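Enquirer: based on what follows, work out the 3D shape:
(one chain, ligands or ions: 1)
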Amino acid sequence: MKEQEKETIKIPAVALRGLTIFPDMMIHFDLSRKKSIMAVEQAMMGDQRLFLITQKDPNQVDPNMDGVFRVGTIVLIKQVSKLPNNIVRVLVDGICRASLLEFLENAEYLEAYIEEIPVETMESDTTETQAMLRHIQELVEQYCRYYPKIEKTMAIHLKEVTSLERMVNQTILNMPLHYTKKQIILEALELKNQYEILADILFNEIEIAKIRTELTDKLKGRVEKNQKEYLLREQLHYIRQELGEEDAFSDADQFEKELIKIKASKEVKERIKKEITRFRSISGSSAESAVARGYIETLLELPWDKVSKDNMDMNQVEELLNQDHYGLDQVKERILEFLAVRSLTNHGESPILCLVGPPGTGKTSIAKSVATALNKKYVRICLGGVRDEAEIRGHRKTYVGAMSGRIATGLKQAGVRNPLVLLDEIDKVGSDQRGDTSSALLEVLDSEQNSKFRDHYVEIPLDLSEVLFIATANSVSKIPRPLFDRMEIIEVSSYTANEKFHIAKKHLIGKQLKKNGLHENQLTMSDASIKKIIQCYTRESGVRETERKIGQACRKVAREILQSGKISVKINSNNLNKYLGKEKYLLDKANTVDEIGIVRGLAWTSVGGDTLQVEVNMMPGKGDIELTGQLGDVMKESALTGISYIRSISKDYSIPIDSFKENDFHIHIPEGAVPKDGPSAGITMATALLSAITGRKVKAEIAMTGEITLRGRVLPIGGLKEKILAAKTAGIKTVLVPEANKKDIDEIPKEITTGIEIIYVETMNEVVKHAFVKEEEKTSDN
Ligand code: ADP
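Expert: So this is what the prediction gives:
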């Protein structure tokens with residue numbers, strides 16, 4: 001392009017709105033603005049050439065230089081026709097592009113100084129132009145595939161075009177492009193640039209068209225599918241009606257009816273309503289429908305806002321509790337306190353009570369009595385062996401066969417939201433890879449969280465804040481710590497023989513008579529026979545076995561009455577054998593002979609107290625120590641402490657220093673049914689060891705309990721009541737108890753301690769003094 005070829009022209013101009021004209025374009029448009037019409041007239045008077053330039057903002061009425069683009073087109077006016085309403089239609093033929101230099105200050109019409117942009121001639125048959133030409137052609141063809149209407153005029157038209165410039169101009173003429181895009185092409189100085197921009201635009205338009213078609217197809221598909229489903233469902237409905245199988249529909253109607261009846265908040269009802277609507281829309285035989293049905297049924301069965309009215313008459317409750325159970329004063333007291341607080345405040349936070357004690361001591365049955373006395377619904381949830389978190393919290397609905405957890409199921413069973421829920425054996429919950437059961441339980445028991453307990457299956461939060469939870473456990477140490485913190489522990493201890501006797505006489509016999517269809521006057525049991533059952537036929541902390549034995553006697557009597565025609569039977573201690581067989585336990589089981597290296601200890605286990613016999617053997621060897629029997633880690637440590645202590649005092653007992661080097665020691669604790677562990681066998685083991693080493697005998701009728709320190713001090717222990725009771729049952733006469741436990745003895749019923757001499761000890765020296773058989777006695781023995 002040479003500079004001198006450029007020449008400035010003065011020419012009438014028209015500002016166009018929303019239209020861009022290209023050279024090589026024959027087009028007509030209408031003018032209505034006076035200034036524009038004047039410009040056309042002016043051109044007609046001259047050489048009929050007119051400059052057309054596009055407005056940036058189509059709404060501007062009288063644009064100045066800034067209101068229009070910089071590049072426009074010089075056209076030749078071919079025809080002017082006047083239309084009604086002062087509209088002039090002009091037919092023009094584009095000649096060439098020109099850049100606008102300036103508008104003249106002329107009020108009547110627009111006049112502009114412009115500079116022609118010379119036509120760039122490109123060799124039309126170079127490979128490059130051919131490539132560009134064909135590319136545009138291809139793009140246009142693709143584009144037309146999406147717009148079949150344009151195809152007719154455009155594609156055929158463009159097939160014959162051989163010049164790239166014409167190709168660009170014609171494409172733009174025929175394509176429904178926005179004028180601003182056309183303007184960009186018009187302003188591109190070189191033809192190559194114009195090609196690039198156009199190709200870009202075309203490519204973009206094709207992509208948009210493609211996506212649009214896909215979307216339309218999808219939408220169409222969906223509409224068709226919906227329509228088809230609707231039709232099929234209607235047909236199915238009709239067929240069902242004909243066959244009289246209108247299950248799904250009548251079920252949904254039934255659900256709706258029940259929904260009206262239930263007591264629940266608006267949100268809950270709306271949620272259930274939604275589920276019912278969904279249920280209606282799925283076909284009756286599909287698996288999904290079965291899931292939806294089960295879910296709705298569960299939701300409808302849950303109590304939501306339904307409550308039962310509690311018995312608030314404290315005197316009556318107390319009376320009822322006393323009627324059903326002997327003793328258990330602490331539990332009864334706590335329940336009454338709870339009731340009192342609640343009736344005073346009108347809304348008491350439900351405490352979580354945990355009854356801890358050996359089996360058969362009435363934990364479960366008192367909980368049930370509490371429910372009856374308070375007129376509460378009673379639900380028992382057994383937690384023994386529950387390892388899967390989902391058992392507490394439910395499975396998510398997406399699982400096949402999903403169910404609500406035990407808590408939600410319990411509420412469903414109760415049918416009210418304020419039942420008494422017994423969490424039985426809370427110390428037996430476990431955790432494994434299927435989740436943490438205790439953390440799920442924590443949510444149940446935590447009063448901060450349990451008003452919005454989430455069951456995975458139910459999904460809607462459940463309010464457990466009004467539930468009265470009572471848990472039971474055998475041992476405090478096995479209750480997961482966080483759960484333990486949330487509960488109020490009430491210890492239920494083993495029964496004494498006397499307590500057992502009263503329980504049997506007042507409750508168990510009556511219960512078993514009824515169970516076995518006997519009338520009160522058909523069987524009488526003498527007090528002596530009851531005591532004999534307790535002492536010679538059972539050995540337990542609770543009364544379960546006693547109850548079983550009484551039951552056994554009742555069955556035998558029932559048969560006897562029917563077969564022999566007797567009116568009534570009396571059982572006494574003499575004829576008890578006839579009904580229960582030979583005695584199982586003899587009263588005395590204490591050692592009868594004083595022995596070396598054998599000492600009786602006392603232990604506390606989760607099923608009550610027990611005695612344990614520690615045996616020590618010393619034999620020639622090289623100083624090894626062996627521990628066998630069911631020893632826990634704590635017991636092993638106690639044994640080692642004992643040995644260290646004895647070595648440190650070996651001089652006092654004239655034990656030769658080589659004794660420990662030249663002998664092996666074997667400590668054995670014969671295993672019982674329940675494993676024992678704890679430090680309270682410390683002094684027992686130390687005494688047994690010392691006896692074995694010194695060769696001095698230990699008194700047979702003595703038992704001991706106490707922890708030992710390295711320096712031979714005796715430390716206090718727990719579970720004293722259980723231990724003394726076990727000692728008594730075993731027929732032991734003397735018990736050595738740590739001095740520090742003196743205060744606990746006062747709390748033990750006299751009935752247990754009478755007949756047993758309790759000696760308080762502070763050091764191992766004292767233990768030895770009381771336990772060993774006196775030297776002179778030893779000699780007289782031999
Ligand atoms: P736990 O739950 O502590 O293992 P249970 O509640 O099952 O024990 O009690 C076993 C049986 O003993 C039940 O029939 C119960 O009624 C009876 N029982 C236990 N303690 C008493 C008591 N203090 N008074 C009356 N019956 C009792």
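Enquirer: state the pLDDT value of Ala686.
Expert: pLDDT, Ala686: 92.
Enquirer: same question for Tyr457.
Expert: Reported pLDDT at Tyr457 in the predicted model: 92.
Enquirer: can I assume Arg600 sits in a strand?
Expert: Yes: counting by DSSP: H, G, I helix; E, B strand; the rest coil, Arg600 is found in a strand.
Enquirer: neighbours of it, how many?
Expert: Close neighbours of Arg600, defined as other Cβ atoms under 10 Å, add up to 27. In this view, the C-beta of every residue, glycine as well, is placed from N, C-alpha and C.
Enquirer: name the helices or strands packed onto the helix or strand harbouring Phe203?
Expert: When secondary structure is defined using DSSP states H and E, the element that contains Phe203 is helix 191-243. Packing partners of helix 191-243 (3 or more Cβ pairs under 8 Å, 6 or more residues apart in numbering; DSSP states H and E): helix 127-146, helix 164-174, helix 179-187, helix 247-261.
Enquirer: show me which residues of the first one are buried.
Expert: Spelled out, it's helix 127-146. Going by neighbour count (16 or more other Cβ atoms under 10 Å), the buried part of helix 127-146 is 129, 132-133, 135-137, 139-140, 143-144.
Enquirer: how distant is stretch 24-38 from the center of its chain?
Expert: Relative to the centre of its chain, stretch 24-38 is centred 75 Å away, using Cα atoms, centre = their mean, to the nearest Å.
Enquirer: just the CA atoms of it, as PDB, please.
Expert: Coordinates of each C-alpha in stretch 24-38 appear next as PDB, following Å, rounded to 0.1, in the frame of the first residue of the first chain:
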ATOM      1  CA  ASP A  24     -19.400  -6.100  -2.800                       C
ATOM      2  CA  MET A  25     -22.800  -6.200  -1.000                       C
ATOM      3  CA  MET A  26     -26.100  -5.100  -2.700                       C
ATOM      4  CA  ILE A  27     -28.500  -4.300   0.100                       C
ATOM      5  CA  HIS A  28     -31.400  -2.000   0.900                       C
ATOM      6  CA  PHE A  29     -32.300  -0.300   4.100                       C
ATOM      7  CA  ASP A  30     -34.800   2.200   5.300                       C
ATOM      8  CA  LEU A  31     -34.000   5.700   6.600                       C
ATOM      9  CA  SER A  32     -36.200   7.900   8.700                       C
ATOM     10  CA  ARG A  33     -33.900  10.400  10.300                       C
ATOM     11  CA  LYS A  34     -34.100  13.700   8.500                       C
ATOM     12  CA  LYS A  35     -30.300  14.200   8.500                       C
ATOM     13  CA  SER A  36     -29.900  10.800   6.800                       C
ATOM     14  CA  ILE A  37     -32.500  11.500   4.100                       C
ATOM     15  CA  MET A  38     -30.900  14.800   3.400                       C
END
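Enquirer: run through who's touching that stretch.
Expert: The set of residues external to stretch 24-38 that reach it, using Cβ atoms under 8 Å, 6 or more residues apart in numbering, is 14-16, 19, 21, 40, 61-62, 73, 78-79, 83, 85-94, 108-110, 165-166, 169-170, 173.
Enquirer: in the buried residues of helix 127-146, find the pair that's most separated.
Expert: The distance between the two most remote of those (Cβ to Cβ) is 22.3 Å, for Thr129 and Cys144.
Enquirer: looking at stretch 66-77 now, give me its mean pLDDT.
Expert: Averaging the model's pLDDT scores along stretch 66-77 yields 91.
Enquirer: hmm, which of the contacts of stretch 24-38 are the buried ones?
Expert: In those, burial by neighbour count holds for 14-16, 21, 40, 73, 88, 90, 92-94, 109-110, 165-166, 169-170, 173, counting by 16+ other Cβ under 10 Å.
Enquirer: how many neighbours does the nearest residue to Lys263 once chain neighbours are set aside have?
Expert: Nearest-residue entry for Lys263: Asp305, 4.3 Å, with adjacent residues in sequence omitted and distances by Cβ to Cβ, 6 or more residues apart in numbering. Residue neighbour count, defined by other Cβ under 10 Å, stands at 12 for Asp305.
Enquirer: got the residues of the stretch 301-450 of the chain near the ligand?
Expert: By the criterion of Cβ under 6 Å from any ligand atom, the positions of the stretch 301-450 of the chain lying close to the ligand are 325-328, 359-365.
Enquirer: check the stretch 451-600 of the chain too.
Expert: Residues of the stretch 451-600 of the chain lying close to the ligand (Cβ under 6 Å from any ligand atom) are 472, 503, 507, 542-544, 547.
Enquirer: rerun at 8 Å
Expert: Neighbours of the ligand within the stretch 451-600 of the chain, by Cβ under 8 Å from any ligand atom: 472, 492, 495, 499, 503, 506-508, 511, 542-544, 547.
Enquirer: of those, which belong to strands?
Expert: Counted as lying in strands by DSSP state E, out of those, are Thr472.
Enquirer: max pairwise distance over the residues of the stretch 451-600 of the chain next to the ligand: which two?
Expert: Of all pairs drawn from those, the widest gap by Cβ to Cβ lies between Thr472 and Lys506 and measures 22.3 Å.
Enquirer: those two: which is more packed in?
Expert: Taking other Cβ under 10 Å, Thr472 and Lys506 do not tie; Thr472 has more neighbours (25 against 14).
Enquirer: skipping adjacent residues, who's closest to the more buried one in space?
Expert: Spatial nearest neighbour of Thr472, chain neighbours left out: Lys363 (4.2 Å); criterion: Cβ to Cβ, 6+ apart.
Enquirer: so how many other residues sit close to the residue in the chain that the ligand sits nearest to?
Expert: Ranked by Cβ to the nearest ligand atom, the top residue of the chain for proximity to the ligand is Gly362, at 2.4 Å. Close neighbours of Gly362, defined as other Cβ under 10 Å, add up to 24.
Enquirer: same question for Lys412.
Expert: The criterion is other Cβ under 10 Å. On that basis, Lys412 has 18 neighbouring residues.
Enquirer: for Lys742, which non-adjacent residue is closest in space?
Expert: In space, not counting the residues next to it along the chain, Lys742 is nearest to Tyr760; the distance is 5.6 Å by Cβ to Cβ, 6+ apart.
Enquirer: quick one, phi/psi of that neighbour?
Expert: Backbone geometry at Tyr760, expressed as degrees, to the nearest 10, gives phi -90, psi 130.
Enquirer: cool, Leu736 as well?
Expert: For Leu736, the backbone dihedrals (degrees, to the nearest 10) come out as phi -90, psi 130.
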